[in-house]
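Participant: Structure for the following, please:
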Amino acid sequence: MNAPKPGSSATSSLPRVVAASLIGTTIEWYDYFVYGTAAALVFGKVFFPHSDPLTGTLLSFLTYAIGFAARPLGALVFGHFGDRVGRKKLLVVSLLLMGGSTTAIGLLPTYDSVGVAAPVLLTALRLVQGFALGGEWGGAVLLVSEHGDQRRRGFWASWPQGGAPAGNLLAAGVLSLMTAVQSESAFLAWGWRVPFLLSALLVGVGMWIRLAVEESPLFQQAMAAQKEKKSGRATEQAPLVGVLRHHWREVLVAMGARMAENISYYVMTTFVLTYAVTHAHFDKQSALNAVLIASAIQFALIPLFGALSDRVGRKPVYLVGAAGVGVWAFVFFGMVDTRSFAQLVVAVTVGLVFHSAMYAPQAAFFSELFATRLRYSGASIGAQFASVVAGAPAPLIATALLKDYGSATPISVYVAAAAALTVLAVLCARETRGRDLAEVEEGESADAAAVGKPAVA
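Facilitator: The predicted model follows:
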């Protein structure tokens with residue numbers, strides 16, 4: 001089974017596939033981040049109005065973290081069917097689920113209207129968001145990875161990763177606009193709902209583009225090969241069983257690699273909004289604008305780091321990002337504490353530069369760890385199970401540490417410890433740059449497949 005060659009029909013449609021994946025992930029991350037931003041700035045007052053400000057924020061971040069609990073379930077379900085029926089179909093389902101739940105949040109009654117039912121409904125819809133996102137990431141990056149050629153896979157596969165800063169940029173931008181043109185009372189009364197309701201329009205655009213792309217050619221070839229093998233086999237092995245049997249080491253590598261990337265991102269883009277407003281006494285507009293500027297810069301950096309990983313390897317780029325964010329965590333909060341807007345922007349931007357060095361090569365790196373028939377499940381399980389212990393509690397832990405110690409130093413130690421774990425995980429992996437995705441078989445680890453096969457320059 002051979003991968004599509006550059007110049008084939010599959011490869012010639014690559015820009016369209018990249019656009020579909022990027023727009024889809026941007027919309028999904030917009031939905032997810034508009035919740036995180038609202039949790040930092042609004043939900044404590046709207047859904048937990050009888051708590052003190054920091055406790056209300058803590059409770060709203062708890063509903064934020066609960067959404068992560070559904071991401072592994074989404075990874076299992078979407079991974080299973082994505083490896084059985086295809087990447088494209090599942091990406092359509094994930095987009096509809098995410099958009100529907102986000103729009104519904106914009107229609108929720110508040111605590112003052114229906115009491116405790118309001119935060120309960122909010123939590124339920126957050127679980128649907130988490131379930132959808134758990135299946136989105138793996139399908140989006142694989143659709144691009146399996147269409148492109150191995151020489152520039154890091155560059156092309158990094159584009160769907162740009163959906164995270166693009167979604168954050170869009171979410172922060174819309175909320176920043178609403179806070180700029182509205183009074184505090186109007187924003188809390190109804191203005192916060194507008195970004196959630198806009199999701200319905202964005203999903204329509206995303207569906208129109210996503211339905212136009214073709215299924216992954218590598219997946220189609222793997223399905224054809226599987227049908228030939230099934231003639232003498234009684235039952236087909238479930239993708240999850242295959243991942244746990246043949247690729248458990250790769251799953252652990254992926255989980256470890258996610259720790260610093262996931263924790264640092266949510267601390268430096270979501271928790272920083274709370275820290276900047278309640279601890280450093282910035283106004284909401286300034287805090288949102290800082291994240292807005294940094295996210296725009298990160299969007300431009302991600303494909304550059306993806307291209308760099310094609311030249312020097314996935315591991316060196318990833319390691320620089322992990323080590324950098326571990327050190328920067330001790331500088332980050334000191335710069336925010338200066339109460340200078342310029343230093344706040346620099347603090348968030350440099351943090352996201354180091355994050356980009358991890359996030360950009362991650363799509364190609366994780367794709368190259370697993371066999372085609374198990375790739376959706378393997379990459380999704382490794383990425384999303386890590387998010388439960390990494391990104392999910394990160395704003396919650398950071399808020400609790402700040403409340404208990406009154407200092408950001410324990411938060412910096414927390415981020416640095418995650419960075420050390422990621423460095424160890426990446427060092428334990430073999431370099432995957434230049435691997436032919438079609439060459440890894442179900443019974444063969446990525447490390448074994450890489451032995452004796454030189455990386456492509």
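Participant: Distance check, the residue nearest to the spatial centre of the chain against Tyr32.
Facilitator: Centroid-nearest residue in the chain: Ala164, 6.1 Å away (criterion: CA atoms, centre = their mean). Shown here: Ala164 relative to Tyr32, a distance of 9 Å by CB to CB, to the nearest Å. To be clear about C-beta, it is placed using only N, CA and C from the backbone, and glycine gets the same treatment.
Participant: repeat for Trp328
Facilitator: 24 Å.
Participant: can you check Ala400 too?
Facilitator: As judged by CB to CB, Ala400 and Tyr32 stand 22 Å apart.
Participant: which residues of the stretch 151-300 of the chain fall in helices?
Facilitator: Counting by DSSP state H, counting those that start in this stretch, the segments of the stretch 151-300 of the chain that form helices are 153-161, 163-181, 184-186, 193-197, 199-210, 217-229, 239-246, 248-266, 272-274, 284-312.
Participant: in which helix or strand would I find the closest residue to Gly324 other than its chain neighbours?
Facilitator: Leaving aside its sequence neighbours, Gly324 sits nearest to Phe354 (CB to CB, 6 or more residues apart in numbering; 3.7 Å). Using DSSP states H and E, Phe354 sits within helix 341-367.
Participant: what's that helix packed up against?
Facilitator: Using 3 or more CB pairs under 8 Å, 6 or more residues apart in numbering; DSSP states H and E, the elements in contact with helix 341-367 are helix 117-145, helix 153-161, helix 248-266, helix 284-312, helix 314-337, helix 375-389.
Participant: buried stuff in the first one?
Facilitator: This means helix 117-145. Under the neighbour-count criterion of 16 or more other CB atoms under 10 Å, helix 117-145 has 118-119, 121-122, 125-145 buried.
Participant: just the third one next, same as before
Facilitator: The neighbour-count criterion (16+ other CB under 10 Å) identifies 250-266 as the buried residues of helix 248-266.
Participant: other SSEs contacting it?
Facilitator: So helix 248-266, by 3+ CB pairs under 8 Å, 6+ apart, packs with helix 314-337, helix 341-367, helix 375-389, helix 394-405, helix 409-427.
Participant: Okay, angle between the last one and helix 394-405 too, please.
Facilitator: Spelled out, that is helix 409-427. Between the axis of helix 409-427 and that of helix 394-405 there is an angle of 140 degrees, by axes from the mean of the first three to the mean of the last three CA atoms, to 10 degrees.
Participant: ok, Val243 - contacts?
Facilitator: 251, 370, 374, 377-378, 381 (CB atoms under 8 Å, 6 or more residues apart in numbering).
Participant: ah, wrong one, I meant Arg152
Facilitator: Contacts for Arg152 (CB under 8 Å, 6+ apart) come out as 307, 310.
Participant: Gly82 too?
Facilitator: 89-90, 135, 138-139, 142, 376-377, 380.
Participant: helix or strand for it, which one?
Facilitator: helix 53-85.
Participant: now that helix: mean pLDDT?
Facilitator: In this model, helix 53-85 has a mean pLDDT of 81.
Participant: for stretch 157-177, same thing?
Facilitator: 86.
Participant: Just the buried positions in that stretch, please.
Facilitator: Of all the residues in stretch 157-177, those buried under the rule 16+ other CB under 10 Å are 157-176.
Participant: Also stretch 314-329?
Facilitator: For stretch 314-329, the neighbour count (16+ other CB under 10 Å) marks 314-326, 328-329 as buried.
Participant: so which of those residues would you say is closest to Glu214?
Facilitator: Nearest to Glu214 among the buried residues of stretch 314-329: Arg314, at 26.6 Å, using CB to CB.
Participant: how far away is the closest one from Ser145?
Facilitator: Distance, Arg314 to Ser145, by CB to CB: 12 Å.
Participant: Can you check which of the helices and strands packed on helix 341-367 gets nearest to Ala425?
Facilitator: Closest of these to Ala425 is helix 248-266, at 2.5 Å (criterion: CB to CB).
Participant: That closest one versus helix 394-405: what angle between them?
Facilitator: 60 degrees.
Participant: now the angle from helix 248-266 to helix 375-389?
Facilitator: Using the same axes, to 10 degrees, the direction of helix 248-266 lies 50 degrees away from that of helix 375-389.
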